[in-house]
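*Asks:* Fold the following for me, if possible:
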Amino acid sequence: MKYRKKPVEVEAFQFDPDKNAREPDWFWLGIGTGVIAAQYQGSVQSWHIETLEGLMQISKGDWIIRGVKGELYPCKPDIFEMTYEAVKE
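*Replies:* Numbering: from 1, shown residues only. As a prediction, the model looks like this:
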């Protein structure tokens with residue numbers, strides 16, 4: 001059997017800590033609750049997000065997605081492009 005994903009709308013933004021972009025409020029809530037955190041090793045900064053599958057690293061250019069139940073998770077740009085399309089409001 002074959003299955004198709006049901007159409008579901010999610011919120012997302014492309015992560016770039018070098019830009020002074022306006023991240024959505026739910027991203028800052030994730031930082032405030034510890035779901036998203038920056039870690040430093042010397043002067044090197046890395047970002048991580050606690051997902052349902054465990055701790056995942058966020059890289060520059062990854063998309064941060066807020067799922068249907070409010071869960072947050074990263075997605076690589078190529079996978080995001082193949083899976084999602086913008087919703088016209």
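*Asks:* burial of residue 18, as a residue count?
*Replies:* 6 (other CB atoms under 10 Å). Any C-beta I mention is one placed from the backbone N, CA and C, and that applies to glycine too.
*Asks:* Over to it. Which of the three states is it?
*Replies:* Under DSSP: H, G, I helix; E, B strand; the rest coil, the three-state class of residue 18 is coil.
*Asks:* was I right about it contacting residue 60?
*Replies:* Yes. The criterion here is CB atoms under 8 Å, and residue 18 meets it with residue 60 at 6.9 Å.
*Asks:* any residues in contact with both of those two?
*Replies:* Common contact partners of residue 18 and residue 60 (CB atoms under 8 Å, 6 or more residues apart in numbering): none.
*Asks:* Tell me where the model's unsure across the chain.
*Replies:* By pLDDT under 70, the chain has no low-scoring segment.
*Asks:* show me the contacts for the closest residue to residue 45 other than its chain neighbours.
*Replies:* Nearest non-adjacent residue to residue 45, counting by CB to CB, 6 or more residues apart in numbering: residue 38, 5.5 Å away. Residue 38 sits next to 17, 45-47 when contact means CB under 8 Å, 6+ apart.
*Asks:* Strands of the chain, residue ranges please.
*Replies:* With strands called from DSSP state E, the chain shows them at 11-14, 36-41, 44-51, 54-58, 63-66, 72-75.
*Asks:* Can you mark which positions in the second one are buried?
*Replies:* Using 16 or more other CB atoms under 10 Å as the burial criterion, the residues of strand 36-41 that qualify are residue 36.
*Asks:* and it with strand 54-58, angle?
*Replies:* 70 degrees (axes from the mean of the first three to the mean of the last three CA atoms, to 10 degrees).
*Asks:* Could you report the distance from residue 66 to residue 40?
*Replies:* 26 Å (CB to CB, to the nearest Å).
*Asks:* What separation is there between the residue nearest the centre of the chain and residue 71?
*Replies:* Nearest to the mean C-alpha position of the chain, counting by CA atoms, centre = their mean, stands residue 64 at 1.3 Å. For residue 64, the distance to residue 71 equals 11 Å [CB to CB].
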